[in-house]
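Engineer: This is the structure alone, sequence omitted:
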């Protein structure tokens, strides 16, 4: 989810501060909510969650195209 669309303003770090890298759907308390998801699973999960918030599927899909470039998936 784009951080500017996240109602919480981003996920949370272990110290309670807001994450500037990850949204609240995938990152809370300094950990990934779904640590075993593959990139494709994360993309589909995000599409479904964004649709639940009223976003059209095509727009949600477009927003998830950048997920493979996030730091989480670079190792």
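Structural biologist: Thanks, I have the structure now. Because the structure is predicted, anything quoted here is derived from the model rather than measured.
Engineer: Might you report the residue contacts of the nearest residue to residue 43 once chain neighbours are set aside?
Structural biologist: Closest residue to residue 43 apart from its sequence neighbours, by C-beta to C-beta, 6 or more residues apart in numbering: residue 64 at 4.2 Å. C-beta here means a position set from N, CA and C on the backbone, and glycine is covered the same way. Neighbouring residues of residue 64 by C-beta atoms under 8 Å, 6 or more residues apart in numbering: 42-43, 46-47, 50.
Engineer: helix, strand or coil for the most far-flung residue of the chain relative to its centre?
Structural biologist: Ranked by distance from the centre of the chain (C-alpha atoms, centre = their mean), the top residue is residue 15, with 19.3 Å. For residue 15, the reduced secondary structure class is coil; criterion used: DSSP: H, G, I helix; E, B strand; the rest coil.
Engineer: who's in contact with it?
Structural biologist: residue 30 are the contacts of residue 15 under C-beta under 8 Å, 6+ apart.
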